[in-house]
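S.K.: Curious how this folds, go ahead:
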Amino acid sequence: MENRPNAPWLKYFGDMPETLEYPQGSMYESLKHSFETNIHGNCYKNNAYEFQGKGTSYPQFFKKIDRVARAFNAIGIGEGDKVTICMPNTPQGVDSFYALNRIGAVPAMIHPLSAVGEITFYVTNSHSKAVLVLDMFYEKVLEALEKVDYPVKVIVARIQDELPFPLNMLYPLTVKNKPAPLPTDNKDVISWNDFIKLGSKVKELPDVHPDKDDTAVILFSGGTTGTSKGIELTNMNMNALGYEVAAGAGFTMNGLRMFSVMPLFHGFGLGVGVHTALEAGGTCILIPQFTVKTYARDVKKYKPNVIVGVPTLFEALLRSDGFDGVDLTFLRGVFCGGDSLSVELKKKVDAFLTEHKSQVQIREGYGTTECVTASCLTPHDFFREGSIGIPFPDIYYQIVDPRNDTELPYGEEGEICILGPTVMKGYLDNAEETASTLRYHKDGNRWLHTGDLGYMDEDGFIYYKQRMKRLIIVSGVNVYPSQVENTIDAHPDVLLSCAIGIPDPYKMHKVKAFIVLRPGVEPSEKIKEEILEHCRKNISRYAMPREIEFRTELPKTLVGKVAYRQLEEEEEAKAKAKKEAEEAENK
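M.R.: Presented below is the predicted three-dimensional model:
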C-alpha cells in the first residue's frame with residue numbers, strides 16, 4: 001500500500017516478514033493447533049501457566065478448559081451468550097476465558113475494582129447471563145445486579161482453591177477483610193467448586209466451531225463523550241495479534257516464560273500477556289496483584305523471559321530495592337505499552353537492564369483497545385528517539401488531516417489511523433460510535449481512527465505526539481475526565497467541576513478535581529470527604545480524584561467552556577517551580 005514504505009523499514013526488523021498466515025478459526029482452536037503441532041517439543045513439556053508456584057501443563061490446561069466449558073453449559077450458557085468475567089489474573093479467569101470461546105460464548109472482561117454502577121452498566125450493556133467474580137468482590141456484584149431487570153447467575157471463585165499445599169491452607173489467615181459467606185437463599189449464586197461439579201452432568205460438549213470473524217471477547221473503553229462502550233474483538237483480532245507480536249519480537253517465544261502481570265480486562269494484559277504467550281507455546285506466570293514490594297521477589301523467583309507492562313511497572317522496577325546484585329540475563333524481551341514511554345524513563349530502564357547484565361533494551365509499542373493493543377513496535381536492537389516503532393506485519397498506518405481524512409505526507413502531523421487484521425469488529429450495539437471511529441477513506445479501506453496525533457517518517461517509523469481527545473492515563477488505564485466530572489457534579493452541593501491529570505511519580509498521572517460549590521456552601525474537609533465518598537460509589541478506584549481544590553470560579557474559554565488546559569498549565573507551572581526549588585536546595 002502507498003502509505004507504507006516498501007523496503008527501508010525491513011532492515012530494522014531483520015527477518016520479520018511483511019505478511020503472515022493466520023488461524024481461520026477460534027482462539028481455542030488456535031491454541032489447540034499450536035499445542036498439537038508442538039506435542040513433541042517445548043509446548044508439551046512446559047506449563048501453560050503457573051500460579052503462585054503451582055504449574056498447569058498444556059494437557060491439564062485443555063482438560064480444565066473442557067471441564068469449565070461443561071460447567072457453563074450446565075448453567076445454561078451456550079453459543080452467542082455473554083458472560084462477564086470480573087477477575088484478577090487467576091487460573092479460574094484464564095480457564096473461563098477459553099472455555100467460553102470453546103463453546104462459542106463471549107466473555108466480557110471488566111476490572112474487579114469497578115464501581116457498583118459501572119458493573120450494572122457492563123452487565124446490561126453486554127447482556128451477560130452470568131458473572132464470574134472473586135469472592136472478595138461478589139457482594140458488590142450482587143448490589144449491582146439489583147438494578148438488572150433479568151436473572152443473572154453469579155459464580156464466586158476463591159484464590160485459595162488454586163494454590164498449592166500448604167499455601168491453600170494458610171492463605172485465609174493472611175486475608176484481613178474476609179469475604180462474607182455466600183447467601184444460602186439465593187439460587188443464582190454458586191461457588192466455583194459447586195459450579196465445576198455441575199459440569200460433570202454434561203457428558204458431551206456441543207460441536208461448535210466459532211468463525212474467525214465471530215466476536216470472541218468484549219473489552220470496555222471510554223468514548224469521546226466519556227460514556228463507556230463495549231469493544232467487540234473477533235477471533236481473528238486476537239489470533240492475529242499473537243502472531244504479529246511473536247513475529248515482531250525477533251525471537252522464538254515457544255517455551256519462553258511470560259510475566260503476566262497486566263490484568264485480564266486490559267487489551268495488553270489479555271492479548272499479549274496471556275493469549276500471545278499461549279498461542280506461541282509459552283508459559284504465563286500469572287500475577288494476580290502487582291506491588292512494588294513483591295516485584296523483585298517475583299522476578300527473582302520465577303525468572304520470566306518476557307516482561308510486558310505500562311510505564312508505571314517499569315518506573316517501579318527502578319524504585320524496587322530488591323534487585324541489588326540480581327542477574328537478569330534470563331530476560332529476552334521487555335515491552336512497554338498502554339501509555340507513552342518518556343525518553344528519560346527509557347534511558348533509565350535501559351541503564352538498569354545493562355547494570356543487571358541483561359542483553360535487551362526496553363521496547364515501546366503503540367496501539368488502542370480498538371485494535372486489541374499494540375500495532376507497532378520499536379526494533380529489538382535499534383531505537384529512533386521519540387518513535388513508537390514500525391507497524392507489525394499486515395498492519396498499515398495512515399496519517400490524515402483530521403478535518404477531511406486526507407492522507408498527509410511523511411513528516412507532517414495528523415491523526416493516526418490504523419488498518420489491519422487486529423482492528424475491532426465495532427462497538428457493541430453502538431452503530432453511531434462505530435461509524436465515527438471506523439471510517440472509509442478514498443482508498444476504499446475502512447480505517448480505525450485513533451484520536452491520536454502523530455506523524456510517520458520516510459523509513460516507516462511512527463511518532464506519537466498527543467491525544468486529540470481529552471484523556472487521563474492512570475497506570476496505563478484510560479480515565480475520562482467527563483465521567484469524573486459528571487459524578488462530582490451529581491453531588492447536591494457541587495455547582496461545577498473540572499478534572500485534569502497531573503504528574504505522579506508512580507502512576508505517571510493522577511486525577512485532580514477543581515470544584516466550585518453551590519452558593520451558601522463553604523469549602524471544608526467534611527464536604528470534601530462527602531464528595532470523595534460519592535465518587536467511591538460511582539467510579540472506579542483508578543479514576544478517583546487524588547486531590548481536590550475548591551475554587552470560587554473556573555477559567556473559561558471565549559465560548560464559555562471550562563478552560564481545562566489553563567488549569568493543566570497552572571499545575572505544570574507549580575510542578576516546575578517546586579522542582580527548581582528542590583534543585584536549588586540541593587546545591
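S.K.: now the helices for the stretch 301-450 of the chain?
M.R.: 311-319, 343-355, 431-437 (DSSP state H, counting those that start in this stretch).
S.K.: got the contact list for residue 102?
M.R.: 26, 28, 65, 66, 69, 205, 208 (C-beta atoms under 8 Å, 6 or more residues apart in numbering). No exception for glycine: its C-beta is placed from N, CA and C like everyone else's.
S.K.: Let me know whether my guess that the second one is in a helix holds.
M.R.: Yes: according to DSSP: H, G, I helix; E, B strand; the rest coil, the state of residue 28 is that of a helix.
S.K.: tally of neighbours for it?
M.R.: Residues lying near residue 28 (other C-beta atoms under 10 Å) number 24.
S.K.: Below-threshold pLDDT in the protein: ranges please.
M.R.: Scanning the chain for pLDDT under 70 picks out the ranges 1-15, 39-44, 168-175, 222-226, 557-560.
S.K.: And for it, the residue most distant from the center?
M.R.: Most distant residue from the mean C-alpha position of the chain: residue 520, 43.2 Å away (C-alpha atoms, centre = their mean).
S.K.: Please identify the helix or strand for that one.
M.R.: Per DSSP states H and E: residue 520 is located in neither a helix nor a strand.
S.K.: what does residue 567 give?
M.R.: Per DSSP H and E: helix 564-586 holds residue 567.
S.K.: Go ahead and produce PDB holding the CA coordinates of that helix.
M.R.: Output of helix 564-586 as PDB, limited to C-alpha atoms (Å, rounded to 0.1, in the frame of the first residue of the first chain):
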ATOM      1  CA  TYR A 564      -9.100  22.800  31.400                       C
ATOM      2  CA  ARG A 565      -5.900  23.400  29.500                       C
ATOM      3  CA  GLN A 566      -5.300  26.600  31.600                       C
ATOM      4  CA  LEU A 567      -5.700  24.500  34.800                       C
ATOM      5  CA  GLU A 568      -3.200  22.000  33.400                       C
ATOM      6  CA  GLU A 569      -0.700  24.800  32.600                       C
ATOM      7  CA  GLU A 570      -1.100  26.100  36.200                       C
ATOM      8  CA  GLU A 571      -0.300  22.700  37.600                       C
ATOM      9  CA  GLU A 572       2.600  22.300  35.200                       C
ATOM     10  CA  ALA A 573       4.000  25.700  36.400                       C
ATOM     11  CA  LYS A 574       3.600  24.700  40.000                       C
ATOM     12  CA  ALA A 575       5.400  21.400  39.500                       C
ATOM     13  CA  LYS A 576       8.200  23.100  37.600                       C
ATOM     14  CA  ALA A 577       8.600  25.800  40.400                       C
ATOM     15  CA  LYS A 578       8.700  23.000  43.000                       C
ATOM     16  CA  LYS A 579      11.300  21.100  41.100                       C
ATOM     17  CA  GLU A 580      13.500  24.200  40.700                       C
ATOM     18  CA  ALA A 581      13.200  25.000  44.400                       C
ATOM     19  CA  GLU A 582      14.200  21.400  45.300                       C
ATOM     20  CA  GLU A 583      17.200  21.600  43.000                       C
ATOM     21  CA  ALA A 584      18.300  24.900  44.400                       C
ATOM     22  CA  GLU A 585      18.200  23.500  48.000                       C
ATOM     23  CA  ASN A 586      20.300  20.500  47.000                       C
END
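S.K.: Show me what that helix is packed up against.
M.R.: strand 494-504 (3 or more C-beta pairs under 8 Å, 6 or more residues apart in numbering; DSSP states H and E).
S.K.: pull the CA atoms of whichever helix or strand comes after the strand it packs on into CSV?
M.R.: Sequence order places strand 508-517 as the next helix or strand after strand 494-504, per DSSP H and E. Provided in CSV are the C-alpha atoms of strand 508-517 (Å, rounded to 0.1, in the frame of the first residue of the first chain):
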residue,chain,number,x,y,z
MET,A,508,2.5,8.6,35.8
HIS,A,509,-0.7,10.7,36.2
LYS,A,510,-3.3,11.0,38.9
VAL,A,511,-6.7,12.8,38.8
LYS,A,512,-7.1,16.2,40.4
ALA,A,513,-10.5,17.8,40.6
PHE,A,514,-11.3,21.6,40.7
ILE,A,515,-14.6,22.2,42.3
VAL,A,516,-17.0,25.2,42.6
LEU,A,517,-19.5,24.7,45.3
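S.K.: tell me the angle strand 508-517 makes with helix 564-586.
M.R.: Relative orientation of strand 508-517 and helix 564-586, computed by axes from the mean of the first three to the mean of the last three C-alpha atoms, to 10 degrees: 120 degrees.
S.K.: Where do the strands of the stretch 301-450 of the chain begin and end?
M.R.: Using DSSP state E, counting those that start in this stretch, the strands found in the stretch 301-450 of the chain span residues 306-309, 333-336, 362-367, 374-377, 390-391, 396-400, 414-419, 426-427, 438-440, 446-456.
S.K.: Show me what the second one is in contact with.
M.R.: This points to strand 333-336. 249-251, 272, 305-311, 314, 346, 349, 353, 358, 360-365, 374, 377, 380.
S.K.: so what strands line up beside it?
M.R.: strand 306-309 (parallel), strand 362-367 (parallel) (DSSP bridges).
S.K.: for the fourth one, same thing?
M.R.: When pairs are called by DSSP bridges, strand 374-377 turns out to pair with strand 362-367 (antiparallel), strand 390-391 (antiparallel).
S.K.: Let me have the ones you listed in JSON lines, adding distance to residue 577 and mean neighbour count as columns.
M.R.: Listed next are the strands paired with strand 374-377 as JSON lines, based on distance: least, C-beta to C-beta, whole Å; neighbours: other C-beta atoms under 10 Å:
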{"stretch": "strand 362-367", "distance to residue 577": "30", "mean neighbour count": "25"}
{"stretch": "strand 390-391", "distance to residue 577": "39", "mean neighbour count": "26"}
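S.K.: a markdown table for those, including distance to residue 493?
M.R.: Shown next, in a markdown table, are the strands paired with strand 374-377 (distance: least, C-beta to C-beta, whole Å):
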| stretch | distance to residue 493 |
| --- | --- |
| strand 362-367 | 41 |
| strand 390-391 | 50 |
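S.K.: So which of those is nearest residue 551?
M.R.: strand 362-367 (36.1 Å; C-beta to C-beta).
S.K.: ok, residues contacting that closest one?
M.R.: Residues from elsewhere that reach strand 362-367, judged by C-beta under 8 Å, 6+ apart: 267, 314, 333-337, 340-341, 346, 349-350, 353, 373-380, 388-389, 418, 422, 462, 464.
S.K.: For the closest residue to residue 177 other than its chain neighbours, give me phi and psi.
M.R.: Nearest non-adjacent residue to residue 177, counting by C-beta to C-beta, 6 or more residues apart in numbering: residue 136, 7.1 Å away. Dihedral angles of residue 136 (phi, psi; degrees, to the nearest 10) stand at phi -70, psi -10.
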